[in-house]
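[1] structure here, sequence nowhere to be found:
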């Protein structure tokens, strides 16, 4: 897989922010339409499909809010932490990825029934996990295992996949902004993961054997 470094982007950060806010504003209208369809077609959707669809739409709304009211854009804006159990967050996102990737077998392993609430806001946590799992699915993995364990100050999330793996050269560039290993990638996913974990006192680690396996470890601080 070739390394693509020259991903075009606008150097003026204020212009980027303006475009992002406009996109976030404009996406609200189609989201309203989707919510209407869900209500109208509720009887035709399975409980699982409806739950996943509602969760996905909720996350899109939250991402749009992040873009519209970032800490720089709204002085009184604060991320909301999820009131739910961390285990439920993991279960929901894995269920969504399983539906979207029927050729991939997912397995979940937890060392506890209850986990303390992470310091990372739920909106950001969902995006972190979504990025990691998307990469595993796109690596042509047939099986993805998600393992959750807790210690005194952290929850450790290990994600194993049996996909195509990552070369040493690629590993050296993991998490660097505007660098992508995908033909149509933009180099935004993993930098978001790495920077936001660090922002809240967590960490990101990845190891891989080409054509064999990849392991991603996230240390997520708890409240």
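    That came in fine, so what should we check first? Given the structure is predicted, the values throughout are model-derived calculations rather than measurements.
[2] give me the pLDDT for residue 72.
    Per-residue pLDDT puts residue 72 at 47.
[3] pull the number of nearby residues for the closest residue to residue 123 other than its chain neighbours.
    Spatially, and ignoring its direct neighbours in sequence, residue 123 is nearest to residue 62 (4.1 Å; CB to CB, 6 or more residues apart in numbering). Bear in mind the C-beta positions are built from the backbone N, C-alpha and C, glycine included. Residues lying near residue 62 (other CB atoms under 10 Å) number 18.
[4] over to residue 166?
    22.
[5] so who does it touch?
    174, 181, 206, 208, 210, 214 (CB atoms under 8 Å, 6 or more residues apart in numbering).
[6] just checking, residue 57 touches residue 37?
    No - counting by CB atoms under 8 Å, residue 57 does not reach residue 37; the two are 10.1 Å apart.
[7] of the two, who's got more company?
    residue 57 (15 against 11).
[8] circling back: if I look at the residue nearest to residue 123, how far off is residue 53?
    Residue 62 is 15 Å from residue 53, where distance means CB to CB, to the nearest Å.
[9] in what helix or strand does the residue nearest to residue 123 lie?
    helix 47-68 (DSSP states H and E).
[10] okay, the angle between the following helix or strand past that helix and helix 47-68?
    Next in sequence after helix 47-68, counting helices and strands by DSSP H and E, comes helix 86-100. Put simply, helix 86-100 runs at 110 degrees to helix 47-68, going by axes from the mean of the first three to the mean of the last three CA atoms, to 10 degrees.
[11] list the contacts of helix 86-100.
    So helix 86-100 is contacted by 48-49, 51-52, 55-56, 82, 104, 106, 108, 110, 112-118, 122, 125-126, 129-130, 133-134, 137, 144, 146, 148, 155, 157 (CB under 8 Å, 6+ apart).
[12] list the buried residues in that helix.
    Residues 86, 87, 89, 90, 91, 92, 93, 94, 95, 96, 97, 98 are the ones in helix 86-100 that count as buried (16 or more other CB atoms under 10 Å).
[13] what of stretch 52-70?
    Result for stretch 52-70 [16+ other CB under 10 Å]: buried residues 52-53, 55-56, 59-69.
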